[in-house]
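Participant: Need a 3D model of the sequence below.
(2 chains)
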2 protein chains.
Amino acid sequence: MSRRSPASGHRPEDGSQDSRLATRDAAAKPPYHMPFDEFRRHGHEVVDWVADYLESVGDRPITPDVKPGDIRALLPESAPERPEPFEDVMRDLDEIIMPGITHWQSPGWFGFFPANSSPPSILGELVSAGLSTQGMMWSTSPAATELESVVADWLVDLLGLPETWKTTGPGGGVIQMSASDSTHLAFVIAREQVEGPAESKVLYASNQSHSSIEKGAKIAGFKQVRLIGIDDEYALDADELRRTIVDDLAAGLKPTTVVSNIGTTGTTAVDPVRSIGEIAREYGLWHHVDAAYAGTAMICEEFRHHQDGLELADSYTFNPHKWMFTNFDCNLFYVADRKPLIDTMSILPPYLRDEASESGQVINYRDWHIPLGRRFRALKLWFVIRSYGAEGIRYHVREHHRLATDLAARVERHSSLELIAPTPFGLVSFRHVDGDEATNALAAAINESGWAHVSPSTIEDRRFVRVSIGQTYTTAEHVDRLWDLIAAHA
Amino acid sequence: MSRRSPASGHRPEDGSQDSRLATRDAAAKPPYHMPFDEFRRHGHEVVDWVADYLESVGDRPITPDVKPGDIRALLPESAPERPEPFEDVMRDLDEIIMPGITHWQSPGWFGFFPANSSPPSILGELVSAGLSTQGMMWSTSPAATELESVVADWLVDLLGLPETWKTTGPGGGVIQMSASDSTHLAFVIAREQVEGPAESKVLYASNQSHSSIEKGAKIAGFKQVRLIGIDDEYALDADELRRTIVDDLAAGLKPTTVVSNIGTTGTTAVDPVRSIGEIAREYGLWHHVDAAYAGTAMICEEFRHHQDGLELADSYTFNPHKWMFTNFDCNLFYVADRKPLIDTMSILPPYLRDEASESGQVINYRDWHIPLGRRFRALKLWFVIRSYGAEGIRYHVREHHRLATDLAARVERHSSLELIAPTPFGLVSFRHVDGDEATNALAAAINESGWAHVSPSTIEDRRFVRVSIGQTYTTAEHVDRLWDLIAAHA
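Facilitator: Below is the predicted model:
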């Protein structure tokens, strides 16, 4: 492991060394708490550390030069018995941890999907940590619940989701950790809507669905998962879905739930949501929509044709922590009707059930997911939406889409490259015409540059390069530089 | 709703009004990002805001004076179209949100269990938000995975857990959101270890188990949950457990998993872990141990007799976000053998399975729970353990236990009060001798004081007062003041 000198060190404060040692001693004796004046001072230092980091992150090699065990080898095998000065912790953060960090906030981040932060989001997270209040029930911190409902309702309008999904209607939104959690939850609710042994219940999704679909199905106890074929743009074949359901019914099985993807992980393909929804209604399946990444794009009306048919969905999930500048974790899970959700998640016997909760007067979010305790995550989302405004978020979605479309056009014009899928949002998917080896070499060359990072992947047994354009600070300059790299190695 | 004036306002910075308007304009135009110099300035302000909050939180009424809908009524129905100045967001935080917050960080917090934060934890959370790196796989941020494993391993030694639970052995620890998540996960793994239809599988736990047990069982698809009776200290009756298992076997059912509680939510009762573990081994059940609250106490050797028999557990969970000064969310889930966990959670076909992961060379934590994405939560736990040292955490656990024991002695000596359970950790459980009405009135009087907060509860159809002593800043002074309140109203 190559030790790097810290790019942004922990800056010593003004003031004499003696006074600093005095406060260190205070913290090292009962009650061992960091005194509040030290918390202020270190807090200012950490804010500057974060600002330095964000200002310089584009200059850091995105992936670290470490082997398994390198970081661990630099950390002691046992916890310290005695308190250690905060300066030492920050020093080790710089010298031990930072050389092993992958820089997802680099503007050269084109890997996976973005997992963005932004200044207002970071400050919202800081306030939440400072308050450390618990929103498991309305009564355990009323503002935490009410702000979450308000922000979830705001997003219904911002994204053009069905009006009935607002908490003021029969549905409602709740913040969860990840789309995997929401999808699993949808499957559990769906499972509970159908009588009979778990073994007879069948779940349907395109073969391009995210791994969380199969994982969620397995955890929810489904033994029958049908991965449905796709068309030439990698979207689910609705005719095959219908035929498969009919066959399963004939075999005595119980079609239970089906997933529509709006933006698959592989190529951001969009399933025919309306057709799937109609089939789901016809055969009585729970219809879950996974828009984890692409959901944010719907803040721009020109993308909304991709979610046509959402009024036929029973549940829906998208991640502000991907493309909406809100740091992980912040996933939204919506249901068209909250009653089956609460019936499934609440363990209270009927005579104790909170009537107010179902009526909409009070929401107890503990009954909307697996965890009981709840961090005040609505705060950072509120900070982000207010700081950027709908206009600011729209600007970036459009800009990222424009940059992706431009890159796709350049790829298309290049004789050694071919697009393998459309670019409906911010993802450009292409391969080298010479095959897998050349494609792998191209991706490797991009990543070896250090400042740009892509995720090579496989579809239908052939390799391709995924360029996901959507990091908070990615601009035309970065995409141009990426293109120069691609052109130089293609 | 009574509007309160903000106790700690957002402080205007030095510098001319004109220059501030200029930067506001910059943020309100493309690209709409808060400039980094503004982030620094606002960051310092927010750190001071948090410090002011923590310094003054003991003076605030713990529960807010609001009715359902009061907060919502003060928030606009739609998201802003245009960016808003950060000053306005902080103003609304003070004026709209804060009057609806319950102050879990007050030193007068004796409700539920503590959900503590501390200065180093808040700073660790801030660094994590700044980095916003993703630890789903080792390769997506090696230091995030390795620090998590190291800290989980440190805790094995700190708490006297079985050595084989270290990631360097066959087991391992992972950070999850909540004990509810860990318990659900344990049940899913257990379910997968037993052949046959879900309907035949049986789960066992004491009738004092936390709601997450029944909830997790339901979500994992168990239809048969046996709530086992208790002894006169509210601990599970191991003989009844054995008889119930034998009866279920005779009825053709499949005993699948059993829970031991170390510190129930009601009264912090401790189940006979060793006896339950022996029964679990004898009949082949998965043995899950829930030490969500009391796990932290094991950092002091004198409490470890309560966890005697842990080497007979298959999985275990405890919450640093309760009593270990690490803000929510930070739950630890340990397994004695990570193979069944990974087999259950990984959706990769066998030929793609990561050999390194099972061998222990590399951990991909995505295969250790439901979510894929992962916040860098190990950082704040590392900050806390280093800043307090084992010594500092021990000091507080002992001090809180001492305060609880003292309070219990005072209750015992009071002619109108009676203890209903022992005080093995930091919880004192008692009732008024005149019955439920008097007990309710006592709890209400305490809570109406505004500065102290307890959770009245019910056990065996009788009301009691739960006083949970464990908030970060609770000292003898606060417990004395609570006692004065109790004595005045008993």
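Participant: what comes up buried for stretch A:406-423?
Facilitator: Buried residues in stretch A:406-423, counted by 16 or more other C-beta atoms under 10 Å in any protein chain shown: A:406-408, A:410-411, A:414, A:417, A:419-423. Using the backbone N, CA and C atoms, a C-beta is placed for each residue, glycine as well.
Participant: What's the end-to-end length of it?
Facilitator: 10 Å (C-alpha to C-alpha, to the nearest Å).
Participant: Check stretch A:71-90 too.
Facilitator: End-to-end distance for stretch A:71-90: 15 Å, by C-alpha to C-alpha.
Participant: Buried residues of that stretch, list them for me.
Facilitator: Of the residues in stretch A:71-90, A:71-72, A:74-75, A:79-80, A:83-86, A:89-90 count as buried by neighbour count, 16+ other C-beta under 10 Å.
Participant: coming back round to it: among the buried residues of stretch A:406-423, which lie within helices?
Facilitator: A:406-408, A:410-411 (DSSP state H).
Participant: So what's the residue count around the residue of the stretch 301-450 of chain A found nearest chain B?
Facilitator: At 3.2 Å from chain B, residue A:392 is the closest residue in the stretch 301-450 of chain A, using C-beta to the nearest C-beta. Neighbour count of residue A:392, defined by other C-beta atoms under 10 Å in any protein chain shown: 26.
Participant: Work out for me the element the residue nearest to residue A:40 when sequence neighbours are not counted sits within.
Facilitator: In this structure, residue A:40 finds its nearest non-sequential neighbour in residue B:51, 4.8 Å apart by C-beta to C-beta, 6 or more residues apart in numbering or on different chains. Residue B:51 is located in helix B:36-56, with elements delineated by DSSP states H and E.
Participant: So which elements touch that helix?
Facilitator: Other elements packing on helix B:36-56 under the criterion 3 or more C-beta pairs under 8 Å, 6 or more residues apart in numbering or on different chains; DSSP states H and E are helix A:36-56, helix A:119-131, helix B:17-28, helix B:86-92.
Participant: Nearest to residue A:286, out of those?
Facilitator: helix A:119-131 (32.3 Å; C-beta to C-beta).
Participant: Name the residues of that closest one that come out as buried.
Facilitator: Neighbour-count burial for helix A:119-131 flags A:119-131 (criterion: 16+ other C-beta under 10 Å).
Participant: ok now it, how far from the chain's centre?
Facilitator: Centre-to-centre, helix A:119-131 and its host chain are 18 Å apart (C-alpha atoms, centre = their mean, to the nearest Å).
Participant: near chain B, anything from it?
Facilitator: Yes: counting by C-beta under 8 Å from any C-beta of the partner chain, chain B has neighbours in helix A:119-131: A:119-123, A:125-127, A:129-131.
Participant: okay, the angle between that helix and helix B:36-56?
Facilitator: Interaxial angle, helix A:119-131 versus helix B:36-56 (axes from the mean of the first three to the mean of the last three C-alpha atoms, to 10 degrees): 10 degrees.
Participant: Quick one: mean pLDDT over helix A:119-131.
Facilitator: Averaged over helix A:119-131, pLDDT sits at 98.
Participant: Which strands and helices lie in contact with it?
Facilitator: For helix A:119-131, the contact count by 3+ C-beta pairs under 8 Å, 6+ apart identifies helix A:378-413, helix B:36-56, helix B:86-92, helix B:119-131 as packing neighbours.
Participant: Distance to residue A:142 for these - can I get that in a markdown table?
Facilitator: Shown next, in a markdown table, are these (distance: least, C-beta to C-beta, whole Å):
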| stretch | distance to residue A:142 |
| --- | --- |
| helix A:378-413 | 12 |
| helix B:36-56 | 18 |
| helix B:86-92 | 16 |
| helix B:119-131 | 23 |
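Participant: Which among these is found nearest to residue A:455?
Facilitator: It is, among the helices and strands packed on helix A:119-131 and with distance given as C-beta to C-beta, helix A:378-413, at 14.8 Å.
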